[in-house]
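[1] coordinates for the following, if possible.
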Amino acid sequence: MSTGNRFDALGEIDRETQLVGATSGLALLAVLVAFLVAAQYAVYPLVAFVAVVAYGWYAHQENTAAVLMFFTTASTIVVLGLITVYLFVKSIPAFETMGLDILLKTNQPLWERASNTYSLAPMIWGTLLTTAIAMAIAAPLGVAGALFISEIAPRWAREIIKPAVEMLAGIPSIVYGFLGWVVVTEYFYRELQLSNFSSLMVAGIMIGVMALPTVVSVAEDAIASVPGAMKDGSLALGASDWQTIKSVTFPAAFSGISAAVILGVGRAVGETMAATVILGHQQAFPDPLYDVWEGTETLTSLIASQYGIATGTQLSALFAAGVVLFVTVLALSIGSQFVEARMRRRLGGEQ
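    As a prediction, the model looks like this:
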């Protein structure tokens with residue numbers, strides 16, 4: 001029996017190990033309950049959990065490792081569930097006060113503590129604009145970069161370019177925001193003689209640069225997964241390298257490339273610090289709506305700029321903004337997984 005099958009079959013774990021697993025599970029549950037009810041007492045079940053695991057590791061290391069990996073996986077799901085429930089529960093007062101107006105209200109006042117009025121519509125619009133600008137940069141450049149790295153670049157260039165692109169992901173978002181504010185915003189303000197210093201355009205540009213590593217990495221993996229036999233067959237029929245890339249490689253990897261763009265959108269939607277540094281934090285629609293040179297607000301920058309001073313319904317409205325972001329990113333993640341699964345079925349010959 002393989003290792004995976006042995007861990008999956010409960011009968012392969014002896015009674016004593018099952019007792020260790022059950023006891024450590026109860027201790028871990030006690031830690032969670034104590035943390036939620038009386039945090040000062042959480043240390044006692046935690047010590048018990050560590051002691052049980054230490055004994056299990058000494059006496060039954062292999063099976064104890066399997067139990068620990070199960071608990072790790074289960075705790076991830078539990079934490080995600082707790083975050084989801086907490087987020088939705090804390091947003092209920094805002095939805096009770098505003099109803100659907102919290103998402104759809106477009107007339108003044110839009111965000112005002114005095115009248116207890118809070119609408120996320122301007123921030124949703126600002127998020128859409130910055131995301132559109134970001135993906136207009138990240139999608140074409142990312143896909144082109146992935147094609148170059150995977151299909152065109154010589155080996156020595158690939159070994160330099162790919163790590164360099166991936167290093168972009170390691171730069172803190174606050175640094176991108178600061179560079180956008182000091183360099184890019186200053187340039188546009190001076191050269192275009194803008195009436196205000198901050199703008200959605202600059203935020204979108206910087207977020208697009210930040211989303212590039214995600215698009216390049218995922219798209220390059222999708223392109224590399226295209227079977228070599230497909231490319232070799234095209235070349236054997238007399239097609240050039242470019243014709244093969246255009247007519248065989250790109251169509252075959254299109255689902256995976258689409259997933260890369262979707263993940264890039266998720267990266268752009270959820271970006272916080274760069275938008276917070278660059279934007280002017282005006283809870284209003286740009287006038288006109290398509291004016292990307294206005295420094296309005298996004299959902300993430302709204303939360304980052306107001307969580308420290310928010311109370312009551314205003315704080316609940318910030319949680320509602322978190323719900324909108326959570327649902328949006330979740331939908332994008334599920335969509336990318338679906339697209340990637342479709343690509344695997346196609347390349348595997350299944351329809």
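[2] mind listing what's buried along stretch 295-307?
    Neighbour counts over stretch 295-307 (16 or more other Cβ atoms under 10 Å) mark Gly295, Thr296, Glu297, Thr298, Leu299, Thr300, Ser301, Leu302, Ile303, Ala304, Ser305, Gln306 as buried. C-beta: built from backbone N, CA, C; applies to glycine.
[3] sorry, wrong one. I was asking about stretch 171-188.
    Those would be Ser173, Tyr176, Gly177, Phe178, Leu179, Gly180, Trp181, Val184, Thr185, Phe188, for stretch 171-188 by 16+ other Cβ under 10 Å.
[4] equivalent analysis for stretch 114-127, please.
    Result for stretch 114-127 [16+ other Cβ under 10 Å]: buried residues Thr117, Tyr118, Ser119, Leu120, Ala121, Pro122, Met123, Ile124, Trp125, Gly126, Thr127.
[5] contacts only, for the first one.
    Residues in contact with Thr117, defined by Cβ atoms under 8 Å, 6 or more residues apart in numbering, are Met98, Lys105, Pro109, Leu110, Trp111.
[6] could you do the third one as well?
    When contacts are counted by Cβ under 8 Å, 6+ apart, Ser119 touches Met98, Asp101, Ile102, Leu103, Leu104, Lys105, Thr106, Leu110, Trp111.
[7] Leu235: neighbouring residues, count only.
    By other Cβ atoms under 10 Å, the residues close to Leu235 number 14.
[8] can you verify it is assigned to a helix?
    Yes. Leu235 sits within a helix when classified using DSSP: H, G, I helix; E, B strand; the rest coil.
[9] so it sits right up against Gln243, yeah?
    No. The pair Leu235 / Gln243 is not scored as a contact, 9.0 Å apart, by Cβ atoms under 8 Å.
[10] about what we covered before: restricted to helices, list the contacts of Ser119.
    Among those, the members falling in helices (DSSP state H) are Met98, Asp101, Ile102, Leu103, Leu104.
[11] and which of those residues is nearest Ser258?
    Lowest distance from Ser258 to the ones in helices among the contacts of Ser119 (Cβ to Cβ) belongs to Leu103, with 27.5 Å.
[12] what distance do you get for that closest one to Pro213?
    Distance, Leu103 to Pro213, using Cβ to Cβ, to the nearest Å: 32 Å.
[13] more neighbours: which of those two?
    Per other Cβ under 10 Å, whichever of Leu103 and Pro213 has more neighbours is Pro213, with 23 against 14.
[14] would it be right to say that the more buried one lies in a helix?
    Yes. Counting by three-state DSSP, Pro213 is found in a helix.
[15] against Gly308, how distant is the residue nearest to it when sequence neighbours are not counted?
    Leaving aside its chain neighbours, Pro213 sits nearest to Ala169 (3.9 Å; criterion: Cβ to Cβ, 6 or more residues apart in numbering). Distance of Ala169 to Gly308, given as Cβ to Cβ: 28 Å.
[16] go on, Ala153?
    Distance, Ala153 to Gly308, using Cβ to Cβ: 47 Å.
[17] the two: which is more packed in?
    Using other Cβ under 10 Å, the more surrounded residue of Ala153 and Gly308 is Ala153, with 16 against 6.
[18] helix/strand/coil for the closest residue to that one other than its chain neighbours?
    Distances taken as Cβ to Cβ, 6+ apart place Ile161 nearest to Ala153, at 6.3 Å, with adjacent residues excluded. Under three-state DSSP, the three-state class of Ile161 is helix.
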